[in-house]
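*Asks:* Would you be able to build a 3D model of this:
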Amino acid sequence: MRGGPRITATNRNWSLIIVGLFLISACSGTLENMASNKNRLDECSNKPNCVNSQSSQQDHFIEPLMVSGSDVAVQEKIVAVLKKLERVTVTIVEDHYIRAEARSRLFRFVDDLEFYFPESSDRLTTVHVRSASRIGYSDLGVNRKRVERIRQLLEVSDG
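*Replies:* Next comes the predicted model:
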């Protein structure tokens, strides 16, 4: 019998699983031309990993956020709420537009969040929102839950 570790089928399988998980976690996806047209958020693809308040597809539609205050005040509220969320980084803040990235805890997958608010008065601002996974197929409802959590936090900040 020769010395050294014995490679079994079980050890080989675990090695392949670990390498596969490493490769998957290293793929954060790339940002495609998001918000190229600031008058409208990009439509969701056919994958069930995106919600959009401007979507014409019922499966992807989510109600826009209605936030009290002018567009400048609302922008400040949204940025403050996003900074409270774990693993969320605000990447762009422009007039009437905010973009942020949310990373998953385990594999560090990136979801993109966009907020666009073209309609505003002194009392109420309509905020269109899009939250989408960069890679993968299903997000198990994570993007929809995130937007609803943001909606809830904005309502608390108004109260």
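
*Asks:* Next, find the distance separating residue 76 from residue 136.
*Replies:* Here the criterion is Cβ to Cβ, to the nearest Å. By it, residue 76 lies 32 Å from residue 136. From N, CA and C alone the C-beta is placed, and that goes for glycine too.

*Asks:* now residue 93: how far from residue 156?
*Replies:* 21 Å.

*Asks:* The helix or strand hosting residue 114 pairs with which strands?
*Replies:* If you go by DSSP states H and E, residue 114 is part of strand 110-120. Sheet pairing for strand 110-120, assigned by DSSP bridges, gives strand 97-103 (antiparallel), strand 124-133 (antiparallel).

*Asks:* Please compute how far it lies from its chain's middle.
*Replies:* Centroid displacement of strand 110-120 relative to its chain, using Cα atoms, centre = their mean, to the nearest Å, is 10 Å.

*Asks:* May I have it exported as CSV, CA atoms only?
*Replies:* Provided in CSV are the C-alpha atoms of strand 110-120 (Å, rounded to 0.1, in the frame of the first residue of the first chain):
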residue,chain,number,x,y,z
VAL,A,110,-25.4,41.8,-6.8
ASP,A,111,-28.9,43.2,-7.3
ASP,A,112,-29.4,46.6,-8.8
LEU,A,113,-31.9,49.1,-7.3
GLU,A,114,-33.0,52.2,-9.2
PHE,A,115,-35.2,55.0,-8.1
TYR,A,116,-36.6,57.6,-10.5
PHE,A,117,-39.0,60.3,-9.5
PRO,A,118,-40.3,62.5,-12.4
GLU,A,119,-43.5,63.5,-10.8
SER,A,120,-43.3,65.8,-7.8
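
*Asks:* For residue 51, pull up the helix or strand it's in.
*Replies:* strand 50-52.

*Asks:* now swap in residue 80 and tell me
*Replies:* Counting by DSSP H and E, residue 80 is part of helix 71-84.

*Asks:* immediately after that helix, which helix or strand?
*Replies:* By DSSP H and E, the next helix or strand past helix 71-84 is strand 88-94.
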